[in-house]
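Enquirer: quick one, fold the following:
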Amino acid sequence: LATLQFLTALQQHPSVLASYLCHTEKKLTATDLESLFKAELSPVGSNQRNPRRFAFALFKIPFIFCLSEHQTEVPLENVLMFATGLTAGITPQPCIVFLANSPFPMANTCSNTLKLPLLDTYSHFQTRMDFGIQNSPGFGCV
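Expert: Below you'll find the model as predicted:
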């Protein structure tokens, strides 16, 4: 450390390198989680595009509640854990695909894929999402 005056620089300016040398726990925000997921929608003009856009919009509603300080049943960290099996350092970028044959969400944590059900109302969607996520704690994490 002394060879390149790194130690001296660190002692004189400790705040400059603190973020690189010290771990800080950043709380997951609704905006972070919303921007993390990419939806795989059907092509424009397809019969499946609108139901998938609707399901994706339903998925985003809890984030709006979190942004407005409303309490949600499932914490944001649990959504991320359900979809990826991780709480940070997520590679590849999580994506959302859609299920026409299941009323409950599914996930493939190897490919960071969240599979959303195509349901008619927000209340059905949210009830099934909450149930699915709460009943699959993922890799022994509770």
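Enquirer: how far away from the center of its chain is the strand or helix carrying Leu17?
Expert: In the assignment (DSSP states H and E), Leu17 maps to helix 14-21. Distance of helix 14-21 from its chain centroid, counting by CA atoms, centre = their mean, to the nearest Å, is 28 Å.
Enquirer: got it, and stretch 130-137?
Expert: Distance, centroid of stretch 130-137 to centroid of chain: 14 Å (CA atoms, centre = their mean).
Enquirer: what sits up against that stretch?
Expert: The contact list for stretch 130-137 (CB atoms under 8 Å, 6 or more residues apart in numbering) reads Glu73, Val74, Asn78, Val79, Met81, Phe82, Phe104, Pro105, Met106, Ala107. For glycine as for every other residue, the C-beta is placed from the backbone atoms N, C-alpha and C.
Enquirer: quick one: mean pLDDT over that stretch.
Expert: The average pLDDT for stretch 130-137 rounds to 82.
Enquirer: can you check stretch 20-38 too?
Expert: For stretch 20-38, the mean confidence score works out to 74.
Enquirer: any low-confidence regions in this structure?
Expert: 1, 23-25, 62-73, 88-89, 137-142 (pLDDT under 70).
Enquirer: for Ser42, pull up the helix or strand it's in.
Expert: Going by DSSP H and E, Ser42 is not in any helix or strand.
Enquirer: quick one, phi/psi of it?
Expert: Dihedral pair for Ser42: phi -70, psi 160, per degrees, to the nearest 10.
Enquirer: how about Lys60?
Expert: phi -80, psi -20.
Enquirer: thinking again about what came up before, now, which of the contacts of stretch 130-137 lie within helices?
Expert: The helices, defined by DSSP state H, take in Asn78, Val79, Met81, Phe82 from these.
Enquirer: contacts only, for the first one.
Expert: Right, the one you point to is Asn78. Residues touching Asn78, when contacts are defined by CB under 8 Å, 6+ apart, comprise Ile133, Gln134.
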